[in-house]
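Colleague: Please find the sequence and the predicted model below.
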Amino acid sequence: MSGFADVYQSLCERYPDERDRGRAFEPLVTKVLRSDPLYKAHFAEVWPWNEWPGRDGGDIGIDIVAQRHDGGLAAIQCKCQDRIDKHHINSFLSESQRRLLGEPYVERYIFTTATEWSDNAERAISRIDPPVQRVDFFGLDGATIDWSTYLQDEFAPLSAQPRKQLRPHQVKAARDVLAGFEANDRGKLIMACGTGKTLTALRIAEQVAGIGGRVLFAAPSLSLLAQSMREWGADAETFLRAFAVCSDTKVGRNDGDSTRIYDMPIPATTDANALFNSARSGAPGRMTVVFTTYQSMQVVANAQQLGLPEFDLVVCDEAHRTTGALRADEGSSFLLVHDDQEIHASKRLYMTATPRIYAESAKVKAKEEDILVASMDNEAQYGPEFHRLSFAEAVEADLLSDYKVTILAISEKQIARDHQKLLSEGEALADVGRVIGCLNGLAKIDPEGEEFKDDPEPMTRAVAFSNTIRYSKHFVNLVKREQDDAALAERKLDILGEHVDGKSGILERDRLLTWLREDMTMAQRCHVLSNARCLTEGIDVPALDAVLFLQPRKSQIDVVQAVGRVMRKAEGKKYGYIILPVVVPSGNDPERALDRNDAYSHVWEVLQALRAHDERFDAYINKLDLNRSHDGPISVIGVGTKGDEEEDVWEEADTRITQGLLDFDLGE
């Protein structure tokens, strides 16, 4: 299906002059506002400036005026250019601040094709009243528009993409939840990553609340909130009245969220009074949905204290984030959603792929120390489990690609021998080894020619996970330098690395995700996006081939969420790969070389996390033997050439890892 990139290219070809292109962009934005389901529900009327009955002169920065269903006016500017500097938007900000016919603009939007904003321009639209929403190139690309119509005829009306329909597994999930609500006021929906929880929850909400009803949708980050808002707006069969709530311009619980409040598709309020005044009245013919972050839950609670009516349903996305422990005299915005005295609602639905449950020993200790624990096995807080679709079931039903764990083993001796250039430049031997292992895994180089024989094509898209921003950047730097190493000429794959983190900003993050999605198959190129935790939740790259774990991940939830990214189905995709580079120490007793020390802790942590969330894992361990004859999701591959003197190291690595798996306590 055509995307906005095709539309922009068409605009540039049809209108080489920038001014002409800008004039052509304005009617396109008008059509988007009239056609995209989210904006169509938000605005009752949309006028080009010259057609607006209330205009009082020529266009001085305002290109479009829209009127909300409650009568509030929005001023909209359109900018068809690659970069926005402050002087480009000064006249719009000034003009839209004025009162017209005695009424102020209550919302402001800048629609632009720009992928870069100056710091001064960003500062100008942050913490400003009336608020300004930025809808950039990537925001337009995410609009639910059938762009092929415009490519055929730029003067024809636009239409929205068809709504998604529930697939059979989602129909069953929705039925089970609705049946569960007949006897319970809260419950859990457990569905593997990539199987459509958001759409399922929408159809449940339309049944539980429906026209005239009220829903509260909570998520742990602004980026996930914005994504869910767009998806519900696009696929709702009930006309929505949407509100967004945010307690600050940037929220997060160490989640690396790069989205700002001005990047939300519609303005988000930070004020309980404003939410109460806007959402207290009924909405005949529509379902009211308040989208909020967990961090902003107190704003919702305060609005209900003012008289905001009870919600028919609360939907908690990524509900594992609502677990935790705190002292009895403390409070947490993430736990507030459980409290009937604070958040008034008839029913609560907790959705996650990775339920978090605290061990009984931890609960006993917490009680002794007067600490409150929110654990997802507590039915008083979370209700019973209404429905579960596990990773194994999703793979069996062909809803997800299966995963393979590929452990790339390279000896310290080989690194010291073959990679003198990097080592002479001061690089740590272990860091060089990790990079070499990852790159060989992406290129699917196996000296024995066995592991990739049923899926031989090199990988083209991967995400690398580190524990720190510094190490993530360092990994990308090493990838670039290692490409020039003649010792690895056999790879025959151009591997490019980029880094992203929570400080990158939404434009940079979206640019890099678009770069990651590019199809590099014919170019024999692989894109690797390195990050320090900001990509575990909320990214959608179905054609992702691999995730690379460069360092230990203490959170099993983080591991499984990351693995969930690589299991999404895509055309021609057989497996999602989990790549774990291992540097085998030299000069150690072979019996100790692959013991569970720091060099290999990330292997055991990832495997334990997979075991905890994949019921097939114990069965696989039970079938293992020490003769390398096992057929399963885990393989150990040596880095080098067959017959190399380090081959015995690979053999030892495979044996030790197999032994380590056999040592797992299956009774845990």
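Modeller: Good, I have the coordinates. Given the structure is predicted, the values throughout are model-derived calculations rather than measurements.

Colleague: neighbours of E342, just the number please.
Modeller: Neighbours of E342 under the rule other Cβ atoms under 10 Å: 17. For glycine as for every other residue, the C-beta is placed from the backbone atoms N, C-alpha and C.

Colleague: The closest residue to it other than its chain neighbours: which element?
Modeller: By the measure of Cβ to Cβ, 6 or more residues apart in numbering, the closest residue to E342 outside its immediate chain neighbours is A301, 4.4 Å from it. Per DSSP states H and E: A301 is located in helix 297-306.

Colleague: hmm, back to that, I'd say the residue nearest to E342 and I343 touch.
Modeller: Yes. Counting by Cβ atoms under 8 Å, A301 touches I343, with 5.9 Å between them.

Colleague: Show me the common contact partners of the two, please.
Modeller: Residues touching both A301 and I343 (Cβ atoms under 8 Å, 6 or more residues apart in numbering) are L336.

Colleague: circling back: and the helix holding A301, which residues are buried?
Modeller: Across helix 297-306, burial judged by 16 or more other Cβ atoms under 10 Å covers M297, Q298, V299, V300, A301, N302, A303, Q304.

Colleague: Contacts for the next helix or strand along the chain from it next, please.
Modeller: Per DSSP H and E, the first helix or strand lying C-terminal to helix 297-306 is strand 313-316. Contact with strand 313-316 is made by 201, 204-205, 208-209, 213-218, 322, 337, 343, 345-351, as judged by Cβ under 8 Å, 6+ apart.

Colleague: Filter those down to the ones in strands?
Modeller: Secondary structure assignment (DSSP state E) places R214, V215, L216, F217, A218, R348, L349, Y350, M351 from the contacts of strand 313-316 within strands.

Colleague: Just the mean pLDDT for stretch 162-177, thanks.
Modeller: Taken as a whole, stretch 162-177 has an average pLDDT of 98.

Colleague: just how off-centre is it within its chain?
Modeller: Distance of stretch 162-177 from its chain centroid, counting by Cα atoms, centre = their mean, to the nearest Å, is 22 Å.

Colleague: Can you list the neighbours in contact with that stretch?
Modeller: Counting by Cβ under 8 Å, 6+ apart, 187, 189, 191, 195-196, 199-200, 203-204, 207, 234-237, 349, 386-387, 389, 394, 397, 399 sit against stretch 162-177.

Colleague: so of those, which ones are in strands?
Modeller: Members of those lying in strands (criterion: DSSP E): G187, L189, M191, L349, F386, H387, L389.

Colleague: what residue ranges in the stretch 551-668 of the chain score low on pLDDT?
Modeller: Applying pLDDT under 70 to the stretch 551-668 of the chain flags residues 554, 586-600, 622-631, 640-668.

Colleague: at 80 what do you get?
Modeller: Counting by pLDDT under 80, the ranges of the stretch 551-668 of the chain that qualify are 552-556, 584-602, 604, 612, 617-632, 638-668.

Colleague: S228 is in contact with P220, isn't it?
Modeller: No. S228 is not in contact with P220 according to Cβ under 8 Å; the separation is 11.1 Å.

Colleague: Can you give me the end-to-end span of stretch 318-333?
Modeller: Stretch 318-333 has an end-to-end distance of 15 Å (Cα to Cα, to the nearest Å).

Colleague: Stretch 70-86 too?
Modeller: From its first residue to its last, stretch 70-86 covers 31 Å (Cα to Cα).

Colleague: Would you show me how to pick out the buried ones of the contacts of stretch 162-177 in PyMOL?
Modeller: Of these, the buried ones go into a single PyMOL selection, burial set by 16+ other Cβ under 10 Å:
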select buried, resi 187+189+191+195+196+199+200+203+204+207+234+235+236+349+386+387+389+394+399
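
Colleague: okay, now the domains of this structure?
Modeller: 4-152, 168-389, 393-662 (automatic domain parsing).

Colleague: Same list, those, but as TSV with distance to A160 please.
Modeller: Output for the domains of the chain, formatted as TSV (distance: least, Cβ to Cβ, whole Å):
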stretch	distance to A160
domain 4-152	5
domain 168-389	7
domain 393-662	19
